[in-house]
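A.B. asks: could you look at this predicted model? Sequence included:
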Amino acid sequence: MTRTIGVISGKGGVGKTTIVANLGAALAHRFKKDVTIVDCNLTASHLSLLLGMDYYPVTLNHVLRNEKHISEAIYEHPSGMKIIPASLQLKDLIKVDISKISRHLKKLRGKTDIIFLDSSPGLGKEAVATIKASKEIIFVTKPDIMSVSDVIRGKEFVEKIKKEPMGIVLNMVTRSGHELTKKEVEVMTELPVIAIIPHDKNVPKSLAKRMPVVLHKPRSSASKELRKLAGFIIGEKELGFFEKLIRFLKT
């Protein structure tokens, strides 16, 4: 059964798109899952840029205009994950109705294990369409009061339309005294924190390389936590070195 997971944030700059790209790469490359990530942020489409994809003749925009079948807009990344990019061209925003995305995504049911929808920030038209097209929701936020307060508002909308919030990913965490703690965030939002991704200098370096950090620097602190998050989503634990060694010796 295909799972459709919307990844949303109350504001931009919290690393939502980076989380989507790395979850897709980790689940495809490490856990061998069939994963499709979709750029639903049509007005600021960055997912393909982050992954080094500069040219693609068919995009989500063509699908939403009913010019192409959604299967024609799927491209494979070297990690093994599949990507449905949005167009980078301004002209391709004309006559595009993002509210139709749910209908098109239904055509992928049974053909991929997990679909991640990379939403636009906030609760505008693109974000609302993404949430409505999803069955499960992951909130991405930084551990500050303004970002977390936006999660509370997003949670209210998600629950109002009867979607299932999976939890919160705290991103770019430095553990400085001014940051909200995991417990504080959970009390404020009444949602579980399912991952804490540390601030890691390797992440901006991987962005410059246009490669997910889980592939660029797999041993970095951010990569380890991102793989744990990927395992949590599918209910699998990534084995540590000694666990792998014991399993190897047993076989």
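C.D. replies: Arrived safely.
A.B. asks: low-confidence ranges in the protein?
C.D. replies: Residue ranges of the chain with pLDDT under 70: 238-251.
A.B. asks: what about the strands in it?
C.D. replies: Here the chain has its strands, by DSSP state E, at 3-8, 35-39, 75-76, 82-84, 114-118, 136-141, 164-173, 193-198.
A.B. asks: gap between Asp113 and Glu136?
C.D. replies: Asp113 sits 13 Å away from Glu136, going by CB to CB, to the nearest Å. All C-beta spots, glycine's among them, are computed from the backbone N, C-alpha and C.
A.B. asks: meant to ask about Leu93, not that
C.D. replies: Counting by CB to CB - Leu93 and Glu136 are separated by 28 Å.
A.B. asks: out of those two, which sits in the busier spot?
C.D. replies: Taking other CB atoms under 10 Å, Leu93 and Glu136 do not tie; Glu136 has more neighbours (17 against 14).
A.B. asks: so Lys163 sits against Ile131, correct?
C.D. replies: Yes. Contact criterion CB atoms under 8 Å: Lys163 and Ile131 qualify, at 6.1 Å.
A.B. asks: what touches both of those two?
C.D. replies: 6, 137 (CB atoms under 8 Å, 6 or more residues apart in numbering).
A.B. asks: returning to that earlier point: so of the strands of the chain, which one's packed in deepest?
C.D. replies: strand 35-39 (a mean of 28; mean count of other CB atoms under 10 Å).
A.B. asks: tell me how many other residues crowd the nearest residue to Ser102 once chain neighbours are set aside.
C.D. replies: Nearest non-adjacent residue to Ser102, counting by CB to CB, 6 or more residues apart in numbering: Ala133, 3.9 Å away. The number of residues packed near Ala133 is 24, by other CB under 10 Å.
A.B. asks: wouldn't Ala133 be in contact with Phe116 here?
C.D. replies: No. Here Ala133 does not reach Phe116: they are 11.5 Å apart, not a contact under CB under 8 Å.
A.B. asks: what touches both of the two?
C.D. replies: Contacts common to Ala133 and Phe116, judged by CB under 8 Å, 6+ apart, are Gly6.
A.B. asks: does Met53 touch Glu76 like I think?
C.D. replies: No. The criterion here is CB under 8 Å, and Met53 misses it with Glu76 at 10.4 Å.
A.B. asks: okay, and the common contacts of the two?
C.D. replies: In contact with both Met53 and Glu76: Ile83, using CB under 8 Å, 6+ apart.
A.B. asks: for stretch 29-49, measure first residue to last.
C.D. replies: 20 Å (CA to CA, to the nearest Å).
A.B. asks: again, but for stretch 186-204
C.D. replies: For stretch 186-204, the first-to-last residue distance is 28 Å (CA to CA).
A.B. asks: outside of that stretch, which residues touch it?
C.D. replies: Taking CB under 8 Å, 6+ apart as the rule, stretch 186-204 contacts 15, 18-19, 138-139, 148-149, 151-152, 155, 165-175, 180, 182, 185, 213, 216-217, 220-223, 225-226, 228-229, 232.
A.B. asks: circling back to that earlier point, and for Asp113 and Glu136, which residues touch both?
C.D. replies: Contact criterion CB under 8 Å, 6+ apart; residues shared by Asp113 and Glu136: Arg3.
A.B. asks: for the residue nearest to Ser102, give its distance to Leu23.
C.D. replies: Ala133 is 17 Å from Leu23, by CB to CB.
A.B. asks: how about the contacts made by the closest residue to Val128 other than its chain neighbours?
C.D. replies: Closest residue in space to Val128, ignoring its immediate chain neighbours: Phe157 at 7.7 Å, by CB to CB, 6+ apart. Neighbour list for Phe157: 123, 128, 131 [criterion: CB under 8 Å, 6+ apart].
A.B. asks: dump the strands of the chain to CSV, plus distance to Asp97.
C.D. replies: What follows is those, written out as CSV (distance: least, CB to CB, whole Å):
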stretch, distance to Asp97
strand 3-8, 18
strand 35-39, 16
strand 75-76, 23
strand 82-84, 16
strand 114-118, 16
strand 136-141, 22
strand 164-173, 25
strand 193-198, 32
